[in-house]
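Novice: task: produce atomic coordinates for the following.
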Amino acid sequence: MVLAPETLDRIVPGKTSRGEVLRLCGAEVEEEERLDQPDRRVLVYRGWRAVPETRRRMRWLATVEAWEIFAQETRIEIERGIVKDVQVRIRRSRGPNPEPPV
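Specialist: Below is the predicted model:
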């Protein structure tokens, strides 16, 4: 799942709770926890999408030349149940097939 910018704008560090993040972004999330910091967790959302790059062959016919692949990783740091930080990393690549990034 790729999180929309409008969704990410609603997550405010220092105000948004863990429950609100799960409601906004979904419960299907990876969670990181460190034993030396039990009050701190990181929620990780990963998603991708592929967009075809087309080329017109005739007025009504187009072919797919390649696929532009967008991979998004969103890391939301939670401390004592409240969002502390949000980081988004977007990678773009181009390939012959619409396959998920490794």
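Novice: which helix runs longest in this structure?
Specialist: helix 18-25 (DSSP state H).
Novice: show me what contacts residue 96?
Specialist: 66, 67 (CB atoms under 8 Å, 6 or more residues apart in numbering). The C-beta positions use only the backbone N, C-alpha and C, and glycine is treated the same way.
Novice: any chance you could map the helices in the chain?
Specialist: 5-9, 18-25.
Novice: can I get these in JSON lines with distance to residue 43?
Specialist: Shown next, in JSON lines, are the helices of the chain (distance: least, CB to CB, whole Å):
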{"stretch": "helix 5-9", "distance to residue 43": "13"}
{"stretch": "helix 18-25", "distance to residue 43": "6"}
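Novice: can you show me the strands along the chain?
Specialist: Secondary structure of the chain by DSSP state E: the strands cover 30-34, 37-56, 62-79, 82-95.
Novice: and the third one with helix 18-25, angle?
Specialist: Looking back up the chat, that one is strand 62-79. 170 degrees (axes from the mean of the first three to the mean of the last three CA atoms, to 10 degrees).
Novice: in strand 62-79, which residues are buried?
Specialist: 66, 67, 69, 71, 72, 73, 74, 75, 76, 77, 78, 79 (16 or more other CB atoms under 10 Å).
Novice: which non-adjacent residue is nearest residue 46?
Specialist: Nearest residue to residue 46, sequence neighbours excluded (CB to CB, 6 or more residues apart in numbering): residue 73, at 5.2 Å.
Novice: now residue 7
Specialist: Per CB to CB, 6+ apart, closest to residue 7 is residue 24, 5.6 Å.
Novice: my read: the one you found touches residue 10, true?
Specialist: Yes: here residue 24 reaches residue 10: they are 5.9 Å apart, a contact under CB atoms under 8 Å.
Novice: show the contacting residues for the residue nearest to residue 7.
Specialist: Counting by CB under 8 Å, 6+ apart, residue 24 has contacts 7, 10, 11.
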